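A.B. asks: sequence and predicted structure below; questions after.
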Amino acid sequence: MLSSQPSPCRQASTFHHSSPQFPSLNTPFFLTTNTIRTRILHVFATPIKHHHNLYAHTSSRKLQLQDFLDTVMKVPPSHKLEAVEKFQRNDELHTISDFNHLLMSLVAADEFELALKLKSSLSSFGLVPDCWTYSIFVNYYCKRNEPLEAKSVLDHMLESGFEPNVATFTTLINSFCEIGRMHDAFEVFDIMSRIGCEPTINTYNCLLKGLCYVGRVEEAYGLLMNIKKSSMKPDIYTYTAVMDGLCKVGRSNEALELLNEALEMELTPNVVTYNTLFNGYYKEGRPFCGFGLLRQMKERNCKPDYISYSTLFHGLLKWGKIKAALGVYREMVEIGFQVDERMMNTLLRGLCRRARKENELLKDVFCVFEEMRNGNYTIGSCAYDLVIEAFCNGKEMDWVFAILNEMIRSGYSPKTFTFNIVIHALCVIGEIDNALAVLMLMHKDRKSGRIPFSLLINELNQRGRLLDAYSVYGVALKRGVVPKMKPGKSLVE
């Protein structure tokens, strides 16, 4: 139901610091097109009876407006403009309050085209805009990300003798700050000061976020100091805004000091507050500091979200802390977070590289690889190459063949380096025939160098298979490759 709204104009002794509350338009509906049209005609055809009881009359008007609004929200988009035009022709808006209720509800429902149509027809109803009307227009243009148009409405509002309340001013200031137009934001802030409209902490928070957004962190910090010296009490959003600015310019230690200061003031940090520090540590190459944040969050019953974990995880991967990253990954999986594909591939590649020196990590390579396969992740070509290398180093040749075939079926072409590693690993364990098969597979789509031929000829020489050695040597010469090794000799000699 439509309800009476507080005036958005500044009163002599009272300020309304909250934005107007919009009526709910989320009631479920299941209507046919004919039923919708019938309801619209019914709304238009219903005459307004002049009741002796003023309260009953007002309630009836609100019910009619609500009925019309509910119906308009349910009709197909192509019929909505027609419905508003019919409403206009039937002269259904009798007071500026009716007009404001309807306009505000359309803006709240993001029906911008309909709201603009209604705005342009204001004079045809014989109505004059009041303070509330102007404030709705300001909100309308801010929602459309057109703060300059909203500023024009505000100027006209002031010229007409109306004084906006702090909520209207703050909405416009925030709209300018979000696109980095700080000169315009402070101009509006100065207008507030000139007409004696006291800003709230929310107004200052918008300015702080805007200053940090455009990189004016020192000014934001100075503004915070001025707020603390005034009678106004900063809230956690005040501190979070400045902390975020400091972290973005590599000053996470100062941001941590602000967090401690906020805690001393008995403010309660939220997950966004902590995430600014996670991001700062990530950028500065100090991801391990994030573990202390995780502990503090859990101690203060502030539940880390996906951004908390993923920022820490990404930072550990970027700065080569693979074992620590693996631990965070395990915790994320246990909680139920879905790690994105890019970071999974990064983790897998990192584990493979580390497994060159730490063979015990091979089981983790296997586990992560299997989890990616079972989770329908797309495994990149580079990750496949590194996994094959890792399993070759671990002499897990059954898995090498399986993964090599899977890689080729996925449309990837293994690097020459990868083929050479597989052939060398097979030669080391004496599986010459399999090494020859891999060489044939290699030559299907590329011209190899002399390394794989030399490896095979050397191994065949050592095993006394001179005929096979001559055959491989002949194949190499036909392909224009002169192997370093010749049949009948070996690297041992």
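C.D. replies: Yep, that arrived.
A.B. asks: list the contacts of C142.
C.D. replies: Taking C-beta atoms under 8 Å, 6 or more residues apart in numbering as the contact definition, C142 lies against 150, 171-172, 174-175. Every C-beta, even on glycine, is put in place using the N, C-alpha and C of the backbone.
A.B. asks: so who does the nearest residue to it once chain neighbours are set aside touch?
C.D. replies: Distances taken as C-beta to C-beta, 6 or more residues apart in numbering place S175 nearest to C142, at 4.1 Å, with adjacent residues excluded. For S175, the set of contacting residues under the criterion of C-beta under 8 Å, 6+ apart consists of 141-142, 145, 147, 150.
A.B. asks: among the residues you listed, which lie within helices?
C.D. replies: The helices in this structure, assigned by DSSP state H, contain 141-142, 147, 150 from the contacts of S175.
A.B. asks: and A425, how far from V438?
C.D. replies: 10 Å (C-beta to C-beta, to the nearest Å).
A.B. asks: actually V333, not the one I typed
C.D. replies: For V333 relative to V438 (C-beta to C-beta), the value is 35 Å.
A.B. asks: more neighbours: which of these two?
C.D. replies: Using other C-beta atoms under 10 Å, the more surrounded residue of V333 and V438 is V438, with 23 against 13.
A.B. asks: does that one count as helix, strand or coil?
C.D. replies: helix (DSSP: H, G, I helix; E, B strand; the rest coil).
A.B. asks: and it, what does it touch?
C.D. replies: Applying C-beta under 8 Å, 6+ apart, the residues contacting V438 are 404, 419, 422-423, 426.
A.B. asks: same check, this time on V242
C.D. replies: 208, 212, 217, 220-221, 224, 255, 258.
A.B. asks: so can I have JSON lines of these showing pLDDT?
C.D. replies: As requested, the contacts of V242 are exported to JSON lines (pLDDT from 0 to 100):
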{"residue": "L208", "pLDDT": "98"}
{"residue": "C212", "pLDDT": "97"}
{"residue": "V217", "pLDDT": "97"}
{"residue": "A220", "pLDDT": "97"}
{"residue": "Y221", "pLDDT": "97"}
{"residue": "L224", "pLDDT": "97"}
{"residue": "A255", "pLDDT": "97"}
{"residue": "L258", "pLDDT": "97"}
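A.B. asks: ok, L426 - how many residues close by?
C.D. replies: Residue neighbour count, defined by other C-beta under 10 Å, stands at 26 for L426.
A.B. asks: might one say that it is in contact with F419?
C.D. replies: No. Applying C-beta atoms under 8 Å as the test, L426 and F419 come out as separate, 10.7 Å apart.
A.B. asks: re the thing from before, of all the contacts of S175, which two lie farthest apart?
C.D. replies: N145 and A150 (9.7 Å; C-beta to C-beta).
A.B. asks: those two: which is more packed in?
C.D. replies: With other C-beta under 10 Å as the criterion, N145 and A150 differ in neighbour count, and A150 comes out ahead with 24 against 11.
A.B. asks: how near is the more buried one to V107?
C.D. replies: Counting by C-beta to C-beta, the gap from A150 to V107 is 12 Å.
A.B. asks: quickly list what's touching both of the two.
C.D. replies: Common neighbours of A150 and V107, using C-beta under 8 Å, 6+ apart, are 139-140.
A.B. asks: thinking again about what came up before, and the ones in helices among the contacts of S175 as CSV, adding pLDDT?
C.D. replies: Converted to CSV, the ones in helices among the contacts of S175 look like this (pLDDT from 0 to 100):
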residue, pLDDT
Y141, 92
C142, 94
P147, 96
A150, 95
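A.B. asks: as TSV, the residues you listed with distance to R465 would be great.
C.D. replies: Putting the ones in helices among the contacts of S175 into TSV (distance: C-beta to C-beta, whole Å) gives the following:
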residue	distance to R465
Y141	84
C142	82
P147	81
A150	85
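A.B. asks: show me which of the residues you listed is closest to P269.
C.D. replies: Among the ones in helices among the contacts of S175, C142 lies closest to P269 (C-beta to C-beta), at 28.7 Å.
A.B. asks: what's near enough to touch the residue nearest the centre of the chain?
C.D. replies: Centroid-nearest residue in the chain, with C-alpha atoms, centre = their mean: I307, separated by 9.0 Å. Contact analysis of I307 by C-beta under 8 Å, 6+ apart lists 271, 275, 278.
A.B. asks: these in helices, which ones?
C.D. replies: Those of those lying in helices (DSSP H): 271, 275, 278.
A.B. asks: so how do I select the buried members of those in ChimeraX?
C.D. replies: Buried subset of those, written as a ChimeraX selection, criterion 16 or more other C-beta atoms under 10 Å:
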select :275,278
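A.B. asks: quick one: which of the ones in helices among the contacts of I307 is nearest L118?
C.D. replies: L118 has its nearest neighbour among these in V271, at 40.3 Å by C-beta to C-beta.
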